[in-house]
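[1] Using only what follows, build the 3D model:
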Amino acid sequence: MYGNSDAAGLPKAHMIADMPPHERPRERLAVKGSDALKDEELIAILLRTGRAGRSALLLAQDLLARFEGRLDRVAAAGLAEIRGTPGIGPAKAVELYAAFSLARRLAAQPGDERVRLDSPATVAARLQERFRGLMQEEFHVLLLDTKNHLLRDECATVGLVDRSQVHAREVFRAAIRECCSRVLLAHNHPTGDPTPSPQDLACTRNLVAAGKVIGIEVLDHVIVGQPGPACPRGFVSLREENLL
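    Numbers count the residues shown, from 1 in each chain. Next up is the predicted model:
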């Protein structure tokens, strides 16, 4: 018979407590580790309980379905968007939002305070998780010491479509305060295509010129997207492309 079931084939009234212990998300994580669990199972652990006859696992599936099954979009969602899933109230939405916020902070925090950014690949590797799923651009200034060790990662602007609106005062303010003599520039393309736009190139030329006036070297401008057929690496270095 065709029962009332969700996309995963589980009955609507099926609750986690009714599942065999070895199939429950918490028990599976304890035994097999987090890598063995699907995204909806990990979210279900954060939700803890279901609501209105829906198990936490089914609520997690509903949440992912609202964002086309993409965890990165769930992670980038605001509180109101998360609450838009029936069964996820204010408390559960805040808990999910807090978990994803901590993950972003962890991704942005260097494990080694003396991390060395000596190539475009190391810059992209540091920022790709930070940028993943963002729906607007962030322009970052990476302050370096004389041996290219990272001193600080400053987000100079957020949400600008026209790169010409990025002003030198925002970009170099922290570098001047820290007496930093060299910086790396980086920003994301939410479309996933890291191909530099004419605005990106004009902005970079202006900032390089401004840096020379105040004695701060711009080593590179790295544009971060996602790996694809046109750009398997998922990023473009303007220095490597002789566009700096």
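[2] what about the helix or strand hosting residue 175, distance to the chain center?
    For residue 175, the host element (DSSP states H and E) is helix 168-177. With Cα atoms, centre = their mean, to the nearest Å as the basis, helix 168-177 stands 24 Å off its chain's centre.
[3] For the longest helix along the chain, buried residues please.
    Assignment by DSSP state H gives helix 90-108 as the longest helix of the chain. For helix 90-108, burial by neighbour count (16 or more other Cβ atoms under 10 Å) applies to 92, 93, 96, 97, 100, 104. From N, CA and C alone the C-beta is placed, and that goes for glycine too.
[4] partner strands of the helix or strand following the helix holding residue 175, parallel or antiparallel?
    As assigned by DSSP H and E, the chain's next helix or strand after helix 168-177 is strand 182-188. Paired neighbours of strand 182-188 in the sheet (DSSP bridges): strand 138-144 (antiparallel), strand 217-224 (parallel).
[5] In CSV, list those along with mean pLDDT and mean neighbour count.
    As requested, those are exported to CSV (pLDDT from 0 to 100; neighbours: other Cβ atoms under 10 Å):
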stretch, mean pLDDT, mean neighbour count
strand 138-144, 93, 23
strand 217-224, 96, 24
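[6] Now render those as JSON lines, adding distance to residue 48.
    What follows is the strands paired with strand 182-188, written out as JSON lines (distance: least, Cβ to Cβ, whole Å):
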{"stretch": "strand 138-144", "distance to residue 48": "32"}
{"stretch": "strand 217-224", "distance to residue 48": "35"}
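[7] Break the protein down into its structural domains.
    16-107, 114-237 (automatic domain parsing).
[8] How much space separates the nearest residue to residue 188 once chain neighbours are set aside from residue 137?
    Nearest residue to residue 188 in three dimensions, chain neighbours excluded: residue 131, at 3.8 Å (Cβ to Cβ, 6 or more residues apart in numbering). To residue 137, residue 131 is 9 Å away according to Cβ to Cβ, to the nearest Å.
[9] Please save the CA atoms from stretch 58-78 in PDB.
    Provided in PDB are the C-alpha atoms of stretch 58-78 (Å, rounded to 0.1, in the frame of the first residue of the first chain):
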ATOM      1  CA  LEU A  58      11.900  14.300   9.800                       C
ATOM      2  CA  LEU A  59      12.100  17.900  10.900                       C
ATOM      3  CA  ALA A  60      15.800  17.900   9.800                       C
ATOM      4  CA  GLN A  61      14.800  16.400   6.500                       C
ATOM      5  CA  ASP A  62      12.200  19.100   6.100                       C
ATOM      6  CA  LEU A  63      14.700  21.800   6.900                       C
ATOM      7  CA  LEU A  64      17.200  20.600   4.300                       C
ATOM      8  CA  ALA A  65      14.500  20.200   1.700                       C
ATOM      9  CA  ARG A  66      13.600  23.900   2.100                       C
ATOM     10  CA  PHE A  67      17.200  24.700   1.100                       C
ATOM     11  CA  GLU A  68      17.300  22.300  -1.800                       C
ATOM     12  CA  GLY A  69      19.200  19.700   0.200                       C
ATOM     13  CA  ARG A  70      22.200  22.000   0.600                       C
ATOM     14  CA  LEU A  71      23.800  22.200   4.000                       C
ATOM     15  CA  ASP A  72      25.800  25.300   3.100                       C
ATOM     16  CA  ARG A  73      22.600  27.200   2.500                       C
ATOM     17  CA  VAL A  74      21.100  26.100   5.800                       C
ATOM     18  CA  ALA A  75      24.400  27.200   7.500                       C
ATOM     19  CA  ALA A  76      24.200  30.600   5.800                       C
ATOM     20  CA  ALA A  77      20.400  31.100   6.600                       C
ATOM     21  CA  GLY A  78      19.200  33.700   9.100                       C
END
